[in-house]
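Trainee: one predicted model, sequence on top.
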Amino acid sequence: MLRLWPWLAAASSGLLCRLCFAPYDQAWLCWVALTPLITAVWFSGAEVKRRWLRDLLLGYVAGLTCFWSVFSWLTTVTVPGWFLVGTYMAIYFAGWSWLCGLLRPAPRKPRPLEGLEAVTRRLEEKRAAERAGTPAQESRSSALPNESWQDNSPWLSSFSNLRLGILLAATWVTMETVRGTLFSGWGWNTLGSALHAQWAMIQIVEYTGVPGLSFLVALTNVILVVTVRRFIDETRVKQRRPHFEFTLTMAAIVGVIGYGVRAVQVGQPSTSVRVAALQPNIPREQKFSRDFAQATFEKFVGLSQVALQSKPDLLMWPESSMPDPVVPGTASYQFVMDFSKEAKVDLLTGVIDEEGKDAYNAALFVSGDSERVGLYRKLHLVPFGEYVPGRHTVPGISAIVGDQVPEDFGFGKEHTVFQLTRPEIRVAPLICFEDTIGELTRQFVLRGANLLANVTNDGWFLRSAGSQQHLANAVFRCVEMRLPMVRSANTGVTCFVNEFGRVTQILLDDTGSQFTEGVLTGEVQVPIDYVPTFYVRHGELFAHVCAAVTGLMLLGLLPRLVRRKAQIAR
């Protein structure tokens, strides 16, 4: 059992990380989730020949446990895809665990007592020996192990411990950043995003983005392990010193909360915009079937008539709302244009667009007078959801999703902003998972958008936690940009989010379930004299700084790695 504890600790870290996210949402666990893994890496396996490989595998076990469980809702679409996603994403846990081992504090060489310190120590030993009735030499001999051990302990320096925590927090952020970027990226469910409902904590992301929260959480995990170990060491040497590393970490948390409380009290001039968002709740097996096309049209007409009673400035339909492409000559195109002419309301809807042999996941905007029609083609496609990477170069890879993605969608090229009939309102049309990507959303805001609008279809994931996790990762865009967001989903979550990341309205049935059919109407406050945030102006600067710190650290460790490789070769 003693041999198994490090592996069980690693798996428990993965499990604790998983419990931070929907449907469990135990966000408080993120502050301790990494501590079992860190403990296993630092305090076990000293006798193992290739300890670095063991550290790597411990992290991989933690990653597999986390990602296979947190993304289990992918099995509703593709079991091989779920397996592949977890297997791949666990690499980032493994990489961080390896770095933890690389930065593991090593015992220092004991230093001899010199000068006045040595004289004082000998006098104290002599007096203690006389009181105990034992020879002085014996007393000194018994004191040597304690003295030597104290000198050897690498955990008694606050500065060294804080530096260790900062380095490991920076590398954690770097791993999350790479995960959210490489191979077009999927950066869901980072440590920082677990705090999505903690409104006071998350306000800092207008400066740091979500990586700032991940940094603070990872730092806290490291400092907690260091603090416990330091207490143990100090108990043995019977000497306690101020724990500046722990104090500064706690002060940082309090400071972030204090800033958040202050930030939500500062408003900006705004105007009220009335929005109506539809949630048709069409089953995925009917959504693109021409056999159900007429029923789909009738459902949208019925729900829209209810929505129009509130006289909205903007009516929203969800992603790929129509049963076939919305291009001239199709029944869906004719339906949308006829409805727009009759309703006389600004309409934003998700559609499938075609040009030549290419198909696009797109958002269509039709003005209330039907004289202005705009089209945005999705820029960030979901791997294995909207296209298969390497479909034409890697044999058999398309079998991962089977017939769910028979052909690849085309990539859009422009960040298109739609201007409503009210000219002061400019909409960023985010499709599906695009509202979980800060850098992409930022580009719309730089082009003048002051209202974030998401059209999505999370019906692929049935009644799983997928749609809840989607929303949890999306609310940070509002804080980063200090702009409200309105969401229209096929099966949920249809809601309004304010500029502080709070969900102000949500469409639920009588039982409190999001999986319902209906219309959400209400008002959102849109800034009229918008001042870009630090994040809008500078993007993921904090993440880039963390990446630079990680790079410099690895350069500094390079000589050690070279020596280790040479020793292994001999």
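Mentor: Perfect, I can see it now.
Trainee: helices and strands of this structure: which one has the lowest mean pLDDT?
Mentor: Taking mean pLDDT, DSSP states H and E as the measure, the chain has helix 136-152 as its least confident helix or strand, at a mean of 45.
Trainee: after it, which helix or strand is next?
Mentor: Note on helix 136-152: by DSSP states H and E, the next helix or strand toward the C-terminus is helix 158-179.
Trainee: pull the distance from that following helix to the chain's centre.
Mentor: Mean-position distance between helix 158-179 and its chain equals 16 Å (C-alpha atoms, centre = their mean, to the nearest Å).
Trainee: who's in contact with the residue nearest to residue 95 when sequence neighbours are not counted?
Mentor: Once flanking residues are discounted, residue 95 sits nearest to residue 175: 5.8 Å by C-beta to C-beta, 6 or more residues apart in numbering. For the C-beta atoms, the positions are set from N, CA and C on the backbone; glycine is no exception. By C-beta atoms under 8 Å, 6 or more residues apart in numbering, the contact set of residue 175 is 92-93, 95-96.
Trainee: out of those residues, which one sits closest to residue 273?
Mentor: Looking at these and their distance to residue 273, the nearest is residue 92, at 39.8 Å (C-beta to C-beta).
Trainee: so where do the strands sit in the stretch 251-400 of the chain?
Mentor: Assigned by DSSP state E, counting those that start in this stretch, the stretch 251-400 of the chain shows strands spanning 270-279, 314-317, 346-355, 358-366, 373-377.
Trainee: elements contacting the third one?
Mentor: This means strand 346-355. For strand 346-355, the helices and strands in contact under the criterion 3 or more C-beta pairs under 8 Å, 6 or more residues apart in numbering; DSSP states H and E are strand 314-317, helix 331-343, strand 358-366, strand 426-431, strand 451-456.
Trainee: before we move on, back to that, out of the contacts of residue 175, which is most surrounded?
Mentor: Greatest neighbour count in the contacts of residue 175, by other C-beta atoms under 10 Å, goes to residue 93: 29 neighbours.
Trainee: what about that one, helix or strand, and which?
Mentor: helix 79-102.
Trainee: what of residue 56?
Mentor: Residue 56 belongs to helix 51-70, assigned by DSSP H and E.
Trainee: contacts for that helix?
Mentor: 6-7, 10-11, 13-15, 17-18, 21, 37, 40-41, 45, 48, 82-83, 85-87, 89-98, 100-102, 189, 469, 564.
Trainee: any of those buried? List them.
Mentor: 6-7, 10-11, 13-15, 17-18, 21, 37, 40-41, 45, 82, 85-86, 89-98, 100-102, 189, 469 (16 or more other C-beta atoms under 10 Å).
Trainee: hmm, back to that, report the angle between the helix holding residue 56 and helix 79-102.
Mentor: Orientation check (axes from the mean of the first three to the mean of the last three C-alpha atoms, to 10 degrees): helix 51-70 against helix 79-102 gives 140 degrees.
Trainee: buried residues in helix 51-70, which are they?
Mentor: 52, 54-68, 70.
Trainee: dump the C-alpha coordinates for that helix into CSV.
Mentor: Below are the C-alpha coordinates for helix 51-70, written out as CSV (Å, rounded to 0.1, in the frame of the first residue of the first chain):
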residue,chain,number,x,y,z
ARG,A,51,12.8,9.6,-11.0
TRP,A,52,12.0,12.1,-13.7
LEU,A,53,10.1,9.5,-15.6
ARG,A,54,8.2,8.6,-12.5
ASP,A,55,7.3,12.3,-12.0
LEU,A,56,6.1,12.5,-15.6
LEU,A,57,3.9,9.4,-15.1
LEU,A,58,2.4,10.7,-11.9
GLY,A,59,1.3,13.8,-13.7
TYR,A,60,-0.1,11.8,-16.6
VAL,A,61,-2.2,9.7,-14.2
ALA,A,62,-3.6,12.9,-12.7
GLY,A,63,-4.3,14.3,-16.1
LEU,A,64,-6.1,11.2,-17.4
THR,A,65,-8.3,11.1,-14.2
CYS,A,66,-9.2,14.8,-14.7
PHE,A,67,-9.8,15.1,-18.4
TRP,A,68,-11.5,11.7,-19.0
SER,A,69,-14.0,12.5,-16.3
VAL,A,70,-14.5,16.3,-16.8
